[in-house]
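*Asks:* Sequence plus predicted model, see below.
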Amino acid sequence: MIEFNNVSKIFAGQRAVNNLNLHFKTGAFSVLIGTSGSGKSTTLKMINRLVEHDEGTILFAGEDIRQQPVLALRRRMGYAIQSIGLFPHWTVAQNIATVLHLQKWSRSKSNARVDELMALLGLESSLRERFPHQLSGGQQQRVGVARALAADPEVLLMDEPFGALDPVTRAALQQEMVRIHRLLGRTIVLVTHDIDEALQLADHLVLMDSGEVVQQGTPLDMLTAPRNDFVREFFGRSELGVRLLSLRQVRGYLRHEQPVDGEPLRDDMSLREALSAFVARQCDVLPVCDAQGQPCGTLHFRDLLRVEASGDIPA
Ligand SMILES: Nc1ncnc2c1ncn2[C@@H]1O[C@H](COP(=O)(O)OP(=O)(O)OP(=O)(O)O)[C@@H](O)[C@H]1O
């Protein structure tokens, strides 16, 4: 969907990014992560030409982005940023409909789309006529994402979209993004400096340092086969094990045996959450239920130490 071939950007004689070769595939959730000043935002902004690259080529759907009129290009890409940039004197509905208004959608079609997006982002319809300053930070972020999705863009570009939020709201919005990505199947490129956010969201993770790509691949590849010490240090040598647990779900480690007593874990929880439950409850086996709340087996503490899930484990 988006391909960088030997792309560089030079600001005042300094290479902000150097010789990037990247492929953000159609439908993938790609995440750029790295040290501060490593060139993540610059990379993202080159995609919608907020920053023009100096060397190399960037292809969008097979076409050189330089050959496409900037406005036409940007219309095909939603953009959501940390500072949100909502218009303060416009209501929530007007903010979400910004691009629809530019594209001259009819009032009724635009209203219906706003309703649909508010429902998708979990915004109550009673917020429709409020102004941004009458919303919480999390609600504002949701409006920002709804606005970016309004015209059903082929690509969603997100720069630290949850950066300013408290951990609880942040986790809720991350879940929301996973759900929306599954539902809409859009190509997403997101910049973050939060390692756990990156590991949770990414299908394809790109780790940058000093304007270059140090390693790219799936989160599992990065954690289990780090290319060098920089990658190892970046993901936190001492926390590697816990981070690996966050990539694995309880359902891969289930034992199909009679449920034991206690508050059940859900089979779609991560093993990291399960580990917390074991520690909090000081036990070594917990019951597990499925999404419908039906008991489906047990999870044993010692099974968390196994390297790979093997599906069914004999009781
Ligand atoms: N408009 C600009 N003019 C001059 N230098 C710039 C400009 N934008 C970015 N830079 C420089 O380019 C480099 C990469 O910046 P960029 O914002 O892409 O990094 P980043 O990885 O997103 O950083 P952070 O995580 O701190 O936001 C930095 O050295 C920065 O100072």
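*Replies:* In hand now; what should we look at?
*Asks:* Tell me the residues of the protein that contact the ligand?
*Replies:* Counting by CB under 6 Å from any ligand atom, the positions of the chain adjacent to the ligand are 11, 12, 16, 34, 36, 37, 38, 39, 40, 41, 42, 193. From N, CA and C alone the C-beta is placed, and that goes for glycine too.
*Asks:* count of neighbours near the second one?
*Replies:* Read it as residue 12. Counted with other CB atoms under 10 Å, the neighbours of residue 12 add up to 5.
*Asks:* just checking, which of the residues of the chain next to the ligand belong to helices?
*Replies:* 40, 41, 42 (DSSP state H).
*Asks:* Can you select the buried ones from the residues you listed in ChimeraX?
*Replies:* Applied in ChimeraX, the following selects the buried portion of those according to 16 or more other CB atoms under 10 Å:
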select :40,41,42
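*Asks:* I'd like the ones in helices among the residues of the chain next to the ligand laid out as JSON lines, including distance to residue 185.
*Replies:* Output for these, formatted as JSON lines (distance: CB to CB, whole Å):
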{"residue": "40", "distance to residue 185": "24"}
{"residue": "41", "distance to residue 185": "25"}
{"residue": "42", "distance to residue 185": "27"}
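*Asks:* wait, which of the ones in helices among the residues of the chain next to the ligand is closest to residue 205?
*Replies:* Nearest to residue 205 among those is residue 40, at 11.9 Å by CB to CB.
*Asks:* so what's the closest one up against?
*Replies:* 32, 33, 34, 191, 193, 208 (CB atoms under 8 Å, 6 or more residues apart in numbering).
*Asks:* same deal with residue 217?
*Replies:* Residues near residue 217 by CB under 8 Å, 6+ apart: 204, 205, 225.
*Asks:* the helices in this protein, which residues?
*Replies:* Under DSSP H, the chain gives helices at 40-47, 70-75, 92-96, 98-102, 107-120, 137-149, 167-184, 195-201, 219-224, 229-234, 240-246, 271-281.
*Asks:* so which of those comes closest to residue 21?
*Replies:* Nearest of these (CB to CB): helix 40-47, 11.6 Å.
*Asks:* Could you chop the chain up by domain?
*Replies:* Split into domains by automatic domain parsing, the chain comes to 2-241, 249-305.
*Asks:* how about these in JSON lines, adding mean pLDDT?
*Replies:* Converted to JSON lines, these look like this (pLDDT from 0 to 100):
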{"stretch": "domain 2-241", "mean pLDDT": "90"}
{"stretch": "domain 249-305", "mean pLDDT": "89"}
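*Asks:* Mean neighbour count, the ones you listed: which tops it?
*Replies:* domain 2-241 (a mean of 17; mean count of other CB atoms under 10 Å).
*Asks:* Span of it from start to end?
*Replies:* 33 Å (CA to CA, to the nearest Å).
*Asks:* any idea how far residue 73 is from residue 23?
*Replies:* Going from residue 73 to residue 23 by CB to CB, to the nearest Å gives 18 Å.
*Asks:* what's the answer for residue 134, then?
*Replies:* 42 Å.
*Asks:* for residue 277, same thing?
*Replies:* 39 Å.
*Asks:* Next: residue 251.
*Replies:* 31 Å.
*Asks:* circling back: relative to residue 1, which of the ones in helices among the residues of the chain next to the ligand is nearest.
*Replies:* Once CB to CB is applied, the member of those that ends up nearest residue 1 is residue 40, at 18.5 Å.
*Asks:* Tell me the spacing between the closest one and residue 17.
*Replies:* In terms of CB to CB, residue 40 sits 9 Å off from residue 17.
*Asks:* Can you work out which residues contact both of these two?
*Replies:* In contact with both residue 40 and residue 17: residue 208, using CB under 8 Å, 6+ apart.
*Asks:* beta partners for residue 60?
*Replies:* Counting by DSSP bridges, residue 60 forms beta bridges with residue 2, residue 63.
*Asks:* Spit out the contact partners of it.
*Replies:* 1, 2, 47, 68, 73, 76, 155.
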